[in-house]
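**Q** Next comes the sequence, and after it the predicted model I'd like to discuss.
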Amino acid sequence: MIFDTHAHYYDDAFDADRDALLSALPGKGVALVVCPGCDLESSRQCVDLAEKYDYIYAAVGFHPENLEGAALTDLDAIRDLAGHPKVKAIGEVGLDYYWVKSPEDRTFSRDFFDAQLSLAEELDLPVIVHDRDAHKDCLDIVRAHPNARGVFHCCALSAEDAKVVLDRGWMLSFTGNITFANARRAPEVIRCAPMDRIMLETDAPYMAPVPHRGERCDSSLIPITAATIAQLKGLTVEEVLAITLDNGKRFFDIT
């Protein structure tokens, strides 16, 4: 059974057939999905989807690319949403220095990330971290929150940085991009990471694995990503799916 720990099913790429797709996924072996928000509106949409579909759970938070017009006081609304019984994490939060360029915007995004980690600690919820080209600052802020626990989603860390995360008891999650020919860091990290710290995701509608690269992604493609991990770890695809299902349920406290 498949646990897709990160899929944005509110995205407009699914507008044409969202209900049909989400109704069909359990029949394709999808047991669980976590849908993370990127701002207040999408966080509310994630909660709506979690209310509509038994197998979908939500995460709520502000993505670093979605902070224009946001204020730290907006986290009061995130706190309220996080009280919903199907909200299982704060996310997607973090830093993105690929898209966020100006020093002022980067400072603001660091402040927002720091505040959302504090919120996660307050609520005793795990955190879903987005980290693009900002590894040092992400790790520095994580270190400043010793009571936070989380996952680096779509993991792009080096093996050295991944060890820092793993030593803190955090998780690593991998998308279909580990199947790409230019994947370099991920195979090394996967080889050294314990299987009980690895989760699978799509980042749907993005990151479809080869041979579907460039197409709209959905949770039914997770076994292709699992096959790459299975090859690297000397396991079967079924073993990888079973282990990552258990890992995700434990991490998100889903029984």
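**A** Cool, got the structure.
**Q** Can I take it that V33 is in a strand?
**A** Yes - according to DSSP: H, G, I helix; E, B strand; the rest coil, the state of V33 is that of a strand.
**Q** what sits against it?
**A** F3, D4, T5, A7, Y9, L25, Y53, Y55, I56, Y57, S219 (Cβ atoms under 8 Å, 6 or more residues apart in numbering). (Each C-beta comes from the backbone N, C-alpha and C, glycine too.)
**Q** Show me those that map onto strands.
**A** F3, D4, I56, Y57 (DSSP state E).
**Q** Neighbour-wise, which one of those residues leads?
**A** Using other Cβ atoms under 10 Å as the neighbour criterion, D4 leads the ones in strands among the contacts of V33 with 31 neighbours.
**Q** Quick check: the gap between that residue and M199.
**A** The gap separating D4 from M199 is 9 Å, by Cβ to Cβ, to the nearest Å.
**Q** correct me, but V210 touches F180?
**A** Yes - if you go by Cβ atoms under 8 Å, V210 and F180 touch, sitting 6.3 Å apart.
**Q** All the helices of the stretch 51-200 of the chain, in order from the start?
**A** 75-82, 103-123, 135-143, 159-167, 185-192 (DSSP state H, counting those that start in this stretch).
**Q** How far away from the center of its chain is the third one?
**A** Meaning helix 135-143. 17 Å (Cα atoms, centre = their mean, to the nearest Å).
**Q** for that helix, which positions count as buried?
**A** Residues H135, D137, C138, L139, I141, V142 are the ones in helix 135-143 that count as buried (16 or more other Cβ atoms under 10 Å).
**Q** which outside residues touch it?
**A** In contact with helix 135-143 (Cβ under 8 Å, 6+ apart) are residues 94-95, 97, 110, 113-114, 117, 129, 131, 148, 150, 152, 156-158, 161, 164-165, 168, 170.
**Q** mind running it again at 7 Å?
**A** By Cβ atoms under 7 Å, 6 or more residues apart in numbering, the list of residues contacting helix 135-143 from outside reads G94, L95, R110, F113, D114, L117, V129, D131, A148, L157, D161, V164.
**Q** Which of those residues are buried? Put it as a ChimeraX command.
**A** Per 16+ other Cβ under 10 Å, the buried members of the contacts of helix 135-143 correspond to this ChimeraX selection:
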select :94,95,110,113,114,117,129,131,148,157,161
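**Q** from the contacts of helix 135-143, which is closest to R79?
**A** Nearest to R79, judged by Cβ to Cβ, of the contacts of helix 135-143 is L117 at 13.4 Å.
**Q** Tell me the spacing between that closest one and A148.
**A** With the distance defined as Cβ to Cβ, L117 ends up 5 Å from A148.
**Q** hey, what's in contact with both of the two?
**A** Common neighbours of L117 and A148 (Cβ under 7 Å, 6+ apart) are V127.
**Q** got CSV for the contacts of V33, with pLDDT and distance to D76 too?
**A** Shown next, in CSV, are those (pLDDT from 0 to 100; distance: Cβ to Cβ, whole Å):
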residue, pLDDT, distance to D76
F3, 98, 31
D4, 98, 30
T5, 98, 27
A7, 98, 27
Y9, 98, 26
L25, 98, 33
Y53, 98, 27
Y55, 98, 30
I56, 98, 25
Y57, 98, 22
S219, 98, 32
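**Q** What is the most widely separated pair among these?
**A** Applying Cβ to Cβ across the contacts of V33, the maximum distance is between T5 and Y53, 15.5 Å.
**Q** Looking at these two, which has the bigger crowd around it?
**A** The neighbour count for T5 versus Y53, taken as other Cβ under 10 Å, is higher for T5 (32 against 18).
**Q** Surely the more buried one and M199 touch.
**A** Yes - applying Cβ atoms under 7 Å, one finds T5 in contact with M199, separated by 4.7 Å.
**Q** who touches both of those two?
**A** S173, G248.
**Q** For this structure, give me the ranges with low pLDDT.
**A** Within the chain, not a single segment meets pLDDT under 70.
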